[in-house]
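*Asks:* Have a look; sequence and predicted model below, questions after that.
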Amino acid sequence: MVYALQNGFNLEESVSMKRYIAFLRGINISGKNKISMAELKRGFEELGFREVKTYLNSGNVIFSSDGDMVEGFANQMEGMLKSQFGLDIPVYVIPKEELEDILRNAPGWWGNDDKEIYDNLIFIMPPATFAEVFEEIGKPKEELEKIKAYKEAVFWSFSRKDYQKTNWWSKTASANISKKLTIRTANTARKIVGM
């Protein structure tokens, strides 16, 4: 406690702070929607978020807040992206503990060391639901890909060499559905939870 007070560390504040993850959809892809991670971090800090970290160059931000308005956070972030970068970028925010729960409930076939298989975690951006996404995309091709829904996420694994033949690959990138989804690899999701 003495150390905490001497170093300007507010113990009460740290107890009430909660960790969150923000996934920005579609930034720094093929030269489009370019955002510097240093500038993005600064933008989050200017919104009042604490302990802000970014991971990779693809819009993964880990931060702390004593608030719990996930939808409000996303709206704030989208407004900041519009005003500071001139970009309409959807943002998906999830408490770190919820992402941990999702990863604990991964099916056995997802996220293992099989180099022939590519494992992704699809986050469905509210107000969209899995039922709507499934209706739009359809069933996975059984011999090439697998999916399993859990909460607002979908575990998705597919053959690396045959990815273009899968049903979900081309359809998750189509203009209609892509606005409802943001996708991260198994490795990225696990790394972020560990940060």
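*Replies:* Sure thing, it's come through. Residues are numbered from 1 along each chain as shown.
*Asks:* End to end on stretch 98-111, go ahead and measure it.
*Replies:* Terminal residues of stretch 98-111 lie 18 Å apart, using Cα to Cα, to the nearest Å.
*Asks:* tell me the pLDDT at the spatially closest residue to Met37 that is not a sequence neighbour?
*Replies:* Nearest non-adjacent residue to Met37, counting by Cβ to Cβ, 6 or more residues apart in numbering: Thr54, 4.3 Å away. C-beta: built from backbone N, CA, C; applies to glycine. On pLDDT, Thr54 comes in at 95.
*Asks:* next one: Glu45
*Replies:* 97.
*Asks:* for Asp88, same thing?
*Replies:* Asp88 is given a pLDDT of 92.
*Asks:* unless I'm mixing things up, Val133 is touching Ile124, no?
*Replies:* Yes: in this structure, Val133 is within contact of Ile124 by Cβ atoms under 8 Å, at 5.8 Å.
*Asks:* Find the residues that touch each one of the two.
*Replies:* 154, 180-181 (Cβ atoms under 8 Å, 6 or more residues apart in numbering).
*Asks:* Doesn't Ala38 lie inside a strand?
*Replies:* No: under DSSP: H, G, I helix; E, B strand; the rest coil, Ala38 sits outside any strand and is assigned helix.
*Asks:* gap between it and Arg184?
*Replies:* Using Cβ to Cβ, to the nearest Å, Ala38 is found at 21 Å from Arg184.
*Asks:* and if you look at Met37?
*Replies:* Met37 is 16 Å from Arg184, by Cβ to Cβ.
*Asks:* Please enumerate the helices of the protein.
*Replies:* 2-6, 11-16, 37-46, 70-85, 96-104, 130-137, 167-172, 175-178, 186-193 (DSSP state H).
*Asks:* Can you tell me the centre-most residue of this protein?
*Replies:* Nearest to the mean C-alpha position of the chain, by Cα atoms, centre = their mean, lies Phe23 at 3.5 Å.
*Asks:* give the contact list for it.
*Replies:* Per Cβ under 8 Å, 6+ apart, neighbours of Phe23: 59-60, 91-94, 123, 182, 184.
*Asks:* From these, pick the one nearest Ser30.
*Replies:* For the contacts of Phe23, the minimum distance to Ser30 (Cβ to Cβ) is 14.0 Å, reached by Gly59.
*Asks:* so what's that closest one up against?
*Replies:* Counting by Cβ under 8 Å, 6+ apart, Gly59 touches 22-28, 35, 40, 89.
*Asks:* Export those residues as a markdown table, with columns for distance to Arg50.
*Replies:* Below are the contacts of Gly59 laid out as a markdown table (distance: Cβ to Cβ, whole Å):
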| residue | distance to Arg50 |
| --- | --- |
| Ala22 | 13 |
| Phe23 | 19 |
| Leu24 | 19 |
| Arg25 | 24 |
| Gly26 | 26 |
| Ile27 | 22 |
| Asn28 | 24 |
| Ile35 | 20 |
| Leu40 | 15 |
| Ile89 | 22 |
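*Asks:* about what we covered before: neighbour count winner among Ala38 and Arg184?
*Replies:* Neighbours per residue (other Cβ atoms under 10 Å) separate Ala38 from Arg184, with Arg184 holding more: 24 against 9.
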